[in-house]
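Enquirer: Return a 3D structure for these sequence lines:
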Amino acid sequence: MKFPHPFLWLTEPGQSRTFAVTSILALLTLVSLQVLDIPLRTAAAPSGIISFQFARDLDGARRILASWGPQARVYAGLSLGLDYLFMVAYAGALGLGCVLVARRLGRWSGGLAAVGVALSWGQWLAALLDAVENYALIRLLLGSERTLWPALAYGCALPKFLIVGAGILYIGVGGIVSLSRGV
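Expert: Numbering: from 1, shown residues only. Down below sits the predicted model:
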């Protein structure tokens with residue numbers, strides 16, 4: 001592959017093994033996050049922690065926090081803490097997935113390979129955005145009344161989900177294309 005990607009320090013077989021390990025870790029962590037999210041789904045937060053990420057303003061964040069109560073807030077804190085492990089796992093898994101698909105597509109199209117490499121780097125940007133978003137949400141969870149925090153969380157959550165979604169789409173569609181073309 002001609003384009004530098006964030007996993008050059010791994011051998012090609014090492015990239016495949018690391019992809020498998022990070023994918024398993026990401027899936028296990030995702031399942032754990034889903035379990036922690038169950039008590040966070042309320043009328044004010046129908047999508048649980050995701051509703052909190054997209055609250056946008058202090059009034060919306062306050063409504064969500066009030067709907068959770070003390071016990072659910074503990075679940076929210078655990079979720080936000082575990083999410084830091086998930087960031088590393090999903091950025092590694094999706095980033096490597098993009099590299100592996102880009103390598104296959106690069107045999108046919110350098111442009112599609114370049115997109116995959118860019119998305120591989122993008123997964124680490126998504127994880128960084130996720131970390132900043134979580135910090136803002138933790139500040140709110142701890143009682144901060146600054147209007148900055150919900151706006152910052154929203155401003156990080158939206159591009160994070162777009163980048164992660166683009167990575168998943170690239171891996172899915174690119175994987176199908178590469179298999180159908182036999183590359």
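Enquirer: helix or strand right after the longest helix along the chain?
Expert: Across the chain, the longest stretch assigned as helix under DSSP state H is helix 58-106. Next in sequence after helix 58-106, counting helices and strands by DSSP states H and E, comes helix 110-141.
Enquirer: which parts of that next one are buried?
Expert: Across helix 110-141, burial judged by 16 or more other CB atoms under 10 Å covers 112-117, 119-124, 126-127, 129-131, 133-134, 136-141. For glycine as for every other residue, the C-beta is placed from the backbone atoms N, C-alpha and C.
Enquirer: wait, what's in contact with Ala44?
Expert: 51, 63-64, 66-67 (CB atoms under 8 Å, 6 or more residues apart in numbering).
Enquirer: among those residues, who's most crowded?
Expert: Counting neighbours by other CB atoms under 10 Å, Ile64 comes out on top of the contacts of Ala44 with 24 neighbours.
Enquirer: Quick one: residues contacting that one.
Expert: Contacts of Ile64 (CB under 8 Å, 6+ apart): 42, 44-45, 51-52, 55.
Enquirer: Cys98 too?
Expert: So Cys98 contacts 116-117, 119-120, 123, 167, 170-171 (CB under 8 Å, 6+ apart).
Enquirer: Among these, which one lies nearest to Gln15?
Expert: Ser120 (10.5 Å; CB to CB).
Enquirer: you'd agree that closest one is up against Val99?
Expert: Yes - with contacts counted by CB atoms under 8 Å, Ser120 reaches Val99, the gap being 5.0 Å.
Enquirer: where does the protein dip in pLDDT?
Expert: 1, 183 (pLDDT under 70).
Enquirer: how far away is Ser120 from Tyr135?
Expert: From Ser120 across to Tyr135, the span is 24 Å (CB to CB, to the nearest Å).
Enquirer: swap in Ser180?
Expert: Distance from Ser180 to Tyr135, by CB to CB: 43 Å.
Enquirer: hmm, back to that, and the furthest pair within the contacts of Ala44?
Expert: Of all pairs drawn from these, the greatest distance, 12.9 Å, lies between Ser51 and Ala66 (CB to CB).
Enquirer: before we move on, back to that, and the angle from the longest helix of the chain to helix 110-141?
Expert: With axes from the mean of the first three to the mean of the last three CA atoms, to 10 degrees applied, the angle from helix 58-106 to helix 110-141 works out at 160 degrees.
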